[in-house]
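*Asks:* this one's sequence-less:
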């Protein structure tokens, strides 16, 4: 049995790294790398273009296809303007609860994985166990996208991936994607008494928004028959429209913030293709007929792939068997799971703590949740020593 107190000590150390997404995570990644290297793991650190962020990928066990990935993001959300009862980057214990930024989202899982790695290093693993710790999940899964591309290039083919986001150790087999965009319109200002002499950016933004809303009916019609999401179709939401300066001035600039939450990857492609066609073939030509310098620019704020529930999911079946769970659920929040699913692995989300505590002041995780996570991770290691029991030979 993995000592709970050792995991708590590790968690306290990890909380001490203030890895807010806007800041570097290198010190934390190097700490984790050193711990795994001491156990004999094969460790790679992949820095981003700035040299201030990095992903870690490490492996214990045989160098072969198949196996298990334990994945967690190292970044945390900001604490600015939050009313904390104590220093958010110094873990505080109070009864069963362990307080600190990232305790449940998701350094608790990382601490459990690192501690359990000591046990894995002593096992006769028949399939590899990989550790994937990423940067910038909270701002668009930037690190995971880069890591999955790297693994694909290296032909790393895991069979199962467990994303340790806080689910109270429930098995989650699906969630919607989340894609966020800002669209900027630049036209030509003029006097409101002669609208045809200008290019009204606000009007073109309104036409863009109307086209987006018209796609809602198409998305309802495209919903998968077996969809268990609520609602069962891909949704669109316009979060903000701004533009113009006064009643009698033709608006020279406007912006729209919008998002969609796809239930399937094909819906995201459908919406983006439709809006690209509408922008390039209809709106822009009309604007540039008056002013050749008119612009419509789309900025991708973030694109988080959804985790599509699959009829066959070995990871789900194994985790349910080991944990005694009698079903798998869906959640509304996004994770890095969909990216790993695109790698060809069977993926589930399952980790300690509650999402209700994430991103809030006085974030906490309970000792009981950490203990349950350690128990599951140790059982996973045991079954990786006998993969034929639940895991098909790939």
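*Replies:* Everything's here; your move. Fair warning: this is a prediction, and the values are worked out from it, not measured in the lab.
*Asks:* Any figure for the gap between residue 131 and residue 125?
*Replies:* 13 Å (CB to CB, to the nearest Å). Every C-beta, even on glycine, is put in place using the N, C-alpha and C of the backbone.
*Asks:* no wait, residue 245
*Replies:* Residue 245 sits 65 Å away from residue 125, going by CB to CB.
*Asks:* In terms of neighbours, single out the busier of these two.
*Replies:* Remark: of residue 245 and residue 125, residue 125 carries more neighbours, 20 against 11, as counted by other CB atoms under 10 Å.
*Asks:* which stretches of this protein form helices?
*Replies:* In the chain, the segments counted as helices under DSSP state H are 4-15, 26-38, 108-120, 142-153, 201-221, 265-278, 284-288, 314-323, 337-342, 367-384.
*Asks:* helices or strands up against the shortest one?
*Replies:* This points to helix 284-288. Of the remaining helices and strands, none touches helix 284-288 by 3 or more CB pairs under 8 Å, 6 or more residues apart in numbering; DSSP states H and E.
*Asks:* Okay, buried residues for that helix please.
*Replies:* Across helix 284-288, burial judged by 16 or more other CB atoms under 10 Å covers 284, 287.
*Asks:* just the third one next, same as before
*Replies:* Judged by neighbour count using 16+ other CB under 10 Å, the buried positions of helix 108-120 are 108-117, 119-120.
*Asks:* who are the neighbours in contact with the spatially most distant residue from the centre of the chain?
*Replies:* For the chain, the residue at maximal distance from the C-alpha centroid (CA atoms, centre = their mean) is residue 193, at 48.9 Å. Counting by CB atoms under 8 Å, 6 or more residues apart in numbering, residue 193 makes contact with residue 248.
*Asks:* I'd like to know how far it sits from residue 255.
*Replies:* In terms of CB to CB, residue 193 sits 25 Å off from residue 255.
*Asks:* Quick one, which of the helices of the chain gets closest to residue 74.
*Replies:* Nearest of the helices of the chain to residue 74, taken as CB to CB: helix 26-38 at 5.4 Å.
*Asks:* How many neighbouring residues does the closest residue to residue 245 other than its chain neighbours have?
*Replies:* Distance criterion CB to CB, 6 or more residues apart in numbering; nearest residue to residue 245, sequence neighbours excluded, is residue 251 at 7.3 Å. By the criterion of other CB under 10 Å, residue 251 has 24 neighbours.
*Asks:* Quick one: residues contacting residue 251.
*Replies:* Applying CB under 8 Å, 6+ apart to residue 251 gives the contacts 187, 189, 200-203, 243-245.
*Asks:* Of those residues, which pair is most distant in space?
*Replies:* Between any two of the contacts of residue 251 (CB to CB), the greatest distance is 14.4 Å, for 203 and 245.
*Asks:* quick one on the thing from earlier: just give me the closest of the buried residues of helix 108-120 to residue 282.
*Replies:* Within the buried residues of helix 108-120, the smallest distance to residue 282 is 47.3 Å, found for residue 109 (CB to CB).
*Asks:* List the residues that contact the nearest residue to that closest one once chain neighbours are set aside.
*Replies:* Here the nearest residue to residue 109 in space, its sequence neighbours aside, is residue 164; by CB to CB, 6+ apart that works out to 3.0 Å. With contacts taken as CB under 8 Å, 6+ apart, residue 164 has the following neighbours: 70-72, 106, 109-110, 112-113, 349-352, 373.
*Asks:* Turn those residues into CSV, including distance to residue 32 and pLDDT.
*Replies:* Output for those, formatted as CSV (distance: CB to CB, whole Å; pLDDT from 0 to 100):
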residue, distance to residue 32, pLDDT
70, 12, 98
71, 13, 98
72, 10, 98
106, 13, 97
109, 12, 98
110, 7, 98
112, 13, 98
113, 9, 98
349, 21, 98
350, 20, 98
351, 17, 98
352, 18, 98
373, 17, 97
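*Asks:* any idea which of the residues you listed is closest to residue 231?
*Replies:* Nearest to residue 231 among these, counting by CB to CB, is residue 349 at 20.5 Å.
*Asks:* need the contact list for the closest one.
*Replies:* Going by CB under 8 Å, 6+ apart, residue 349 touches 162-165, 167, 172-173, 175, 307, 331, 335, 337.
*Asks:* and it, bridged to which residues?
*Replies:* Bridge pairing for residue 349 (DSSP bridges) gives the partners residue 163, residue 172.
*Asks:* Next, find the distance separating it from residue 207.
*Replies:* Applying CB to CB, the value for residue 349 to residue 207 is 39 Å.
*Asks:* quick one, domains of this structure?
*Replies:* Domain assignment for the chain by automatic domain parsing gives 4-175+305-389, 178-304.
*Asks:* Just name the most buried of those.
*Replies:* Among these, the stretch with the highest mean neighbour count (mean count of other CB atoms under 10 Å) is domain 4-175+305-389, at a mean of 20.
*Asks:* Let me know the pLDDT of residue 224.
*Replies:* Per-residue confidence at residue 224 stands at 91 (pLDDT).
*Asks:* Surely it is in contact with residue 264?
*Replies:* Yes: here residue 224 lies in contact with residue 264, judged by CB atoms under 8 Å, at a distance of 6.2 Å.
*Asks:* Identify the contacts common to the two.
*Replies:* Common neighbours of residue 224 and residue 264 are not found (criterion: CB under 8 Å, 6+ apart).
*Asks:* Surely residue 151 touches residue 343?
*Replies:* Yes: applying CB under 8 Å, one finds residue 151 in contact with residue 343, separated by 6.2 Å.
*Asks:* hmm, back to that, which neighbours do residue 131 and residue 125 share?
*Replies:* Residues touching both residue 131 and residue 125 (CB under 8 Å, 6+ apart): residue 60.
*Asks:* May I see the contacts of residue 349 organised as a markdown table, with distance to residue 31 and pLDDT added?
*Replies:* Formatted as a markdown table, those follow (distance: CB to CB, whole Å; pLDDT from 0 to 100):
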| residue | distance to residue 31 | pLDDT |
| --- | --- | --- |
| 162 | 22 | 98 |
| 163 | 21 | 98 |
| 164 | 18 | 98 |
| 165 | 21 | 98 |
| 167 | 26 | 97 |
| 172 | 28 | 97 |
| 173 | 32 | 96 |
| 175 | 30 | 95 |
| 307 | 29 | 94 |
| 331 | 30 | 90 |
| 335 | 23 | 95 |
| 337 | 25 | 96 |
